[in-house]
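In: The following comprises the amino acid sequence and a computationally predicted model.
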Amino acid sequence: EAFNAAVADAADLNAFIVTTPDHALAAADAADAKRARGEDLGAMGGVPIGMKDLFATKGVQTTAASHILEGFTPEYESTVSQKLWDAGAGMLGKLNLDQFAMGSSNETSYFGNVNSPWRKEGTNAAMSPGGSSGGSSSAVAARIAPAATGTDTGGSIRQPAAFTGICGIKPTYGRCSRWGVVAFASSLDQAGPMARSVEDCAIMLEAMAGFDPKDATSLKLDVPQWEAGLSADLKDKKIGIPKEYRMDGTDEEILKSWEQGKEWLRDAGAEIVDISLPHTKYALPAYYIVAPAEASSNLARYDGVRYGLRDLPDGAGLQDMYAATRAAGFGDEVKRRILIGTYVLSAGFYDAYYTQAQKIRTLVAQDFEKAFGLCDAILAPTTPTASFPLGSLNEDPLTMYLNDVFAVPASLAGLPAMSVPATVNADGLPLGLQIVGKPFDEQGVLNTGLAIQ
Ligand code: GLN
């Protein structure tokens, strides 16, 4: 009831940057025609979905929620979106996000923040839908779209899913092609589905995944039949509980929700075992070196020559145009990342920062490898807190970065990880639980999620 009232209240979620109703209607018509002919509709025949505006869509503006790409209309379609259209889905529009997917609240978008459809019980303060896939989480939670694409570099599918009471899975690195997805940190970026149920995520992930010769890091593996393999029976499964995830600053209610999650998994037949991931506390600082380093390199291409915005002051030369375009085109958070990334990659500091961060990345991956000798999947909170009011963390980038403290380790290790809605807190806000799986074991992750949802 509180949720319905909140949705009715949400005057403008600002979830979409552009809407493309004709695209969705064409898919619905195509599905109708196939049904009339008695043909198979495809796994997602006629389903209207939202597309995070980080995926290049042919003939439809693609901005990454940045001024620097405003007006950029790709001549090509990303592999993932093409696969979804091939499965019969249609596009409702391009969804708002944190600029270049950098953020945890959807407040860094050039096109304005996204509102969550949720409210704290008894208040009307606009809440964050999480980020960077905040348009996706908001649209799905508000029942505007049954599903949406997201991308996750260090939590951007899982944290917004947790904040809005929906499901979202980041598959193993390499499962979904990155071709045609605006690059943030290429060694971490992964696409994945966000939807209302584990079942819908399984169907959509099957449509999105698959080897792509156009992405050098694409996995040369067949796509398993995840939907057909769904089972909430966890008999003989061991679920690991990492002791290092009981961190200072984590909400009591999140810890309670975690306890509840363990109960549900025991009820489903699983054995709960204690595990240790000793390098967890170094993961976030390492992420905030590796991700900006890669971003500073990836974002060098936005120079006013090839894409979107060009700022050419009177009588200016080439260097002036670069500077003016980038000064006007990038938002503050993007500039902060470029500066950090350039600094940690500079000759004098490379070994002190970047090399160290890469070593930590290896240690974090080894922690998981050892832990998976003792368990089949890991259960942890998705976030240390529930959603927060928009504007409340804006002045404080470090607290904002802490949102992803539980999400980032699986990203550094390239592991499949999912957030599923678990409980609500005293304010009536949803809390998510995270399941991290072995490499390529999306099935184990989905099945554990199914036992919780
Ligand atoms: N919030 C994290 C960041 O700002 C993760 C973003 C993401 O996964 N795209 O970098």
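Out: Sure thing, it's come through.

In: can you tell me which residues contact the residue in the stretch 301-450 of the chain that the ligand sits nearest to?
Out: The ligand sits closest to D404 of the stretch 301-450 of the chain, with a gap of 4.8 Å, by Cβ to the nearest ligand atom. Glycine gets a C-beta too; all of them are placed from N, C-alpha and C. Going by Cβ atoms under 8 Å, 6 or more residues apart in numbering, D404 touches 104, 154-155, 159, 284, 287, 383.

In: can you check Q443 too?
Out: If you count contacts by Cβ under 8 Å, 6+ apart, then Q443 has 224, 226, 229 around it.

In: I figured the first one was touching E442, is that so?
Out: Pointing back at P224 there. Yes - counting by Cβ atoms under 8 Å, P224 does reach E442; the two are 7.2 Å apart.

In: Which of the two has more residues huddled nearby?
Out: Per other Cβ atoms under 10 Å, whichever of P224 and E442 has more neighbours is E442, with 28 against 16.

In: The more buried one: what's it in contact with?
Out: E442 touches 169, 171-172, 175, 205, 224, 226, 416, counting by Cβ under 8 Å, 6+ apart.

In: Need the pLDDT of it.
Out: Predicted confidence (pLDDT) for E442: 98.

In: Kindly report the same for the one 4 residues further on.
Out: Taken from the predicted model, the pLDDT recorded for L446 is 98.

In: and if you look at N4?
Out: In this model, N4 carries a pLDDT of 53.

In: next one: G308
Out: 88.

In: now it: how far from F72?
Out: To F72, G308 is 4 Å away according to Cβ to Cβ, to the nearest Å.

In: Taking the contacts of E442 together, which two end up most distant?
Out: Greatest spatial distance in the contacts of E442: I169 and P224, 13.3 Å, computed using Cβ to Cβ.

In: The residue of the stretch 301-450 of the chain closest to the ligand: what secondary structure?
Out: Three-state call for D404 (DSSP: H, G, I helix; E, B strand; the rest coil): coil.

In: For it, give me phi and psi.
Out: Phi and psi for D404, reported as degrees, to the nearest 10, are phi -100, psi 20.

In: Same check on I166?
Out: According to degrees, to the nearest 10, I166 has phi -120, psi -180.

In: Does it touch A142 like I think?
Out: No - using Cβ under 8 Å, I166 is not in contact with A142, being 10.1 Å away.

In: ok, whatever residue of the stretch 201-350 of the chain ends up closest to the ligand - contacts?
Out: Residue of the stretch 201-350 of the chain nearest the ligand, by Cβ to the nearest ligand atom: A291 (5.4 Å). By Cβ under 8 Å, 6+ apart, the contact set of A291 is 153-154, 184-185, 188, 337.

In: Quick one: neighbours of G348, just the number.
Out: Neighbour tally, G348, other Cβ under 10 Å: 7.

In: now do the one 3 residues further on
Out: The number of residues packed around D351, counting by other Cβ under 10 Å, is 9.

In: Flag every buried residue along the strand or helix carrying T325.
Out: T325 belongs to helix 318-329 when assigned by DSSP states H and E. For helix 318-329, a neighbour-count test (16 or more other Cβ atoms under 10 Å) marks 321-326, 329 as buried.

In: Mind listing residues that contact the helix or strand following that helix?
Out: Using DSSP H and E, the helix or strand that follows helix 318-329 in sequence is helix 332-345. Helix 332-345 has contacts (Cβ under 8 Å, 6+ apart) with 66, 98-100, 102-103, 108, 288-289, 291-297, 299, 330, 349-350, 353-354, 357, 397.

In: which among those residues end up buried?
Out: Counted by 16+ other Cβ under 10 Å, the contacts of helix 332-345 give 66, 98-100, 102-103, 108, 288-289, 291-297, 299, 330, 353-354, 357 as buried.

In: OK, now which residue of the stretch 101-250 of the chain is nearest to the ligand?
Out: Across the stretch 101-250 of the chain, the shortest distance to the ligand (Cβ to the nearest ligand atom) belongs to S156, at 3.0 Å.

In: For that residue, which three-state class applies?
Out: coil.

In: repeat for P193
Out: Going by three-state DSSP: P193 is strand.

In: pLDDT weak spots in this structure?
Out: 1-11 (pLDDT under 70).

In: helix/strand/coil for the residue of it most remote from its centre?
Out: Of all residues in the chain, G315 sits farthest from the chain's C-alpha centroid, using Cα atoms, centre = their mean; the distance is 42.7 Å. Following three-state DSSP, G315 is assigned to coil.

In: cool, A24 as well?
Out: helix.

In: what's the neighbour count on it?
Out: Neighbour count for A24, taken as other Cβ under 10 Å: 21.

In: got it, and the one 10 residues further on?
Out: The criterion is other Cβ under 10 Å. On that basis, K34 has 16 neighbouring residues.

In: Which positions within the host helix or strand of it qualify as buried?
Out: Remark: K34 resides in helix 21-36, with elements defined by DSSP H and E. For helix 21-36, the neighbour count (16+ other Cβ under 10 Å) marks 23-24, 27-28, 30-31, 34 as buried.

In: Any chance of the residues you listed in CSV with distance to the ligand as columns?
Out: Output for these, formatted as CSV (distance: Cβ to the nearest ligand atom, whole Å):
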residue, distance to the ligand
H23, 25
A24, 26
A27, 27
A28, 31
A30, 32
A31, 32
K34, 36
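
In: Fine, thanks again, bye for now.
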